[in-house]
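Sequence plus predicted model, see below.
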Amino acid sequence: MLPTTPIPSSSALTIWNRFASSLPFPAPFSFNPSLFYFYQKYFRWKPYYFIVYQRDEIAGLFPVVFTKKALVSLPHFSYGGVLEKEKGLFNKADLIKKVFSFVGQKNVLPGFYRIGLPEINHLSPEKPRNLLIRSFGDPRDSRFVKSEKVTFWMTLKDEKVLYNSLGSNLRRKINRASRSGFALKTGGVELLNDFYGIYRKNIAMLRSLPYGKSFFKDLFATWRYGDLKFFVVYYKNEPAGAALLASYNGFYENVFFATLREARPLYISDWLHWQMVQYVFSKDKKKGPNHKSPVYSFGRSTEYSSVHVYKSHWPVTIIPLFVYSDLKDIKQNKLITNLWKALSPLVAGNLGPKLIRHIY
């Protein structure tokens, strides 16, 4: 079994990105290694990014973050887990136990590491504690439990074919919205205030926890190896809808998405999604014909919720998400959620960015 050894970041980033680009499918945006630096900058947490080897060949990637309370893959994004070269190539649970044991040693610095696959039956059968792994697809291990969340992907091969594959009702909504006088701006932190105004109103309506502006500023400051772009829709010269689109290696995910309630009858959500899809197609045309088709992801939602129903109107593939965890989900505590809902919007808005750090 190969020892676990550190790799200089300059070399590790090249190896990581080369492996991700060699896969027959686009590696999801959450495997963008620049998130390593975001977790350090914004949260002051300790990320450990493992390049998994099997018989001296790379078999997978496994990013984890130590939050001082738990080992998580990946906190505050839809999913992490192990990105395999082939499904079922190795036992993920054994790998997780070895990673957990390694990170638990004293004086192990955050960084990029080469790790050899665990040998069969050499590890304790006990499940690691204080652990949260969110993974897409079937992890082929009984200790991964199907969660209530799913994610939605569209493979973008041809814009005209995709548009014609949309239901007639969805095409009607997009066409009607295009005549509503919407204007669109795309860009970076210069659009943060306009994005954040929509985002905060939507979070307040949902009675959920908001991120602070510094979360988005630090994400932009550290993002590399792909696009990170705000899309802001204006109606009558005022922001009415906004989204944040993140990409890595041809995989684009709508990470945050919000629209004002009064603009929804104008089908602003359908129009904004279609604008982002068209943007992905425009980026894809510049790469030439011999490359993987890009993927547009609508992000995760609770299965069978109203948001699930909405996203299912698009020609998506629904991907179940699995969880390997022993952490209690604070959002399931009715007393805490009821207390939160009782707070005024002003108090909740100020407390939210501080509390959301502790919900992974």
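That came through fine.

what's near enough to touch the closest residue to Thr259 other than its chain neighbours?
In space, and not counting its chain neighbours, Thr259 is closest to Gly241: 3.9 Å by CB to CB, 6 or more residues apart in numbering. For the C-beta atoms, the positions are set from N, CA and C on the backbone; glycine is no exception. Taking CB atoms under 8 Å, 6 or more residues apart in numbering as the definition of contact, the neighbours of Gly241 are Ile198, Val232, Val233, Tyr235, Ala258, Thr259, Leu260, Ala263, Ile268, Ser269, Leu272.

need those residues in CSV with pLDDT, neighbour count and secondary structure, can you?
Written out in CSV, the entries for those read as follows (pLDDT from 0 to 100; neighbours: other CB atoms under 10 Å; DSSP: H, G, I helix; E, B strand; the rest coil):
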residue, pLDDT, neighbour count, secondary structure
Ile198, 96, 23, helix
Val232, 98, 22, strand
Val233, 98, 27, strand
Tyr235, 96, 18, strand
Ala258, 96, 23, strand
Thr259, 96, 23, strand
Leu260, 95, 19, coil
Ala263, 94, 23, helix
Ile268, 97, 21, helix
Ser269, 97, 19, helix
Leu272, 98, 26, helix
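
rewinding a little: let me see the mean pLDDT of whatever helix or strand the residue nearest to Thr259 lives in.
Gly241 belongs to strand 238-248 when elements are defined using DSSP states H and E. Looking at strand 238-248 alone, the average pLDDT works out to 97.

quick one: strands adjacent to it?
strand 228-235 (antiparallel), strand 251-259 (antiparallel) (DSSP bridges).

List just the one of the ones you listed that sits closest to Arg357.
Between Arg357 and these, the tightest spacing by CB to CB is seen for strand 251-259, at 16.7 Å.

then that closest one to PDB, C-alphas only?
Extracted as PDB, the C-alpha positions of strand 251-259 are listed here (Å, rounded to 0.1, in the frame of the first residue of the first chain):
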ATOM      1  CA  PHE A 251     -19.500  21.400 -16.000                       C
ATOM      2  CA  TYR A 252     -21.700  24.500 -15.200                       C
ATOM      3  CA  GLU A 253     -23.800  24.700 -12.100                       C
ATOM      4  CA  ASN A 254     -26.400  27.300 -11.100                       C
ATOM      5  CA  VAL A 255     -25.200  27.500  -7.500                       C
ATOM      6  CA  PHE A 256     -27.400  30.300  -6.300                       C
ATOM      7  CA  PHE A 257     -30.700  31.400  -8.000                       C
ATOM      8  CA  ALA A 258     -33.300  33.900  -6.900                       C
ATOM      9  CA  THR A 259     -36.100  35.900  -8.400                       C
END
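
chain center to it: distance?
For strand 251-259, the separation from the chain centroid amounts to 9 Å (computed by CA atoms, centre = their mean, to the nearest Å).

Pull out the buried residues from it.
Neighbour counts over strand 251-259 (16 or more other CB atoms under 10 Å) mark Phe251, Tyr252, Glu253, Asn254, Val255, Phe256, Phe257, Ala258, Thr259 as buried.

What lies in contact with it?
26-30, 77-78, 198-199, 201-203, 227, 233, 240-247, 268-269, 272-273, 276, 280, 294-299.
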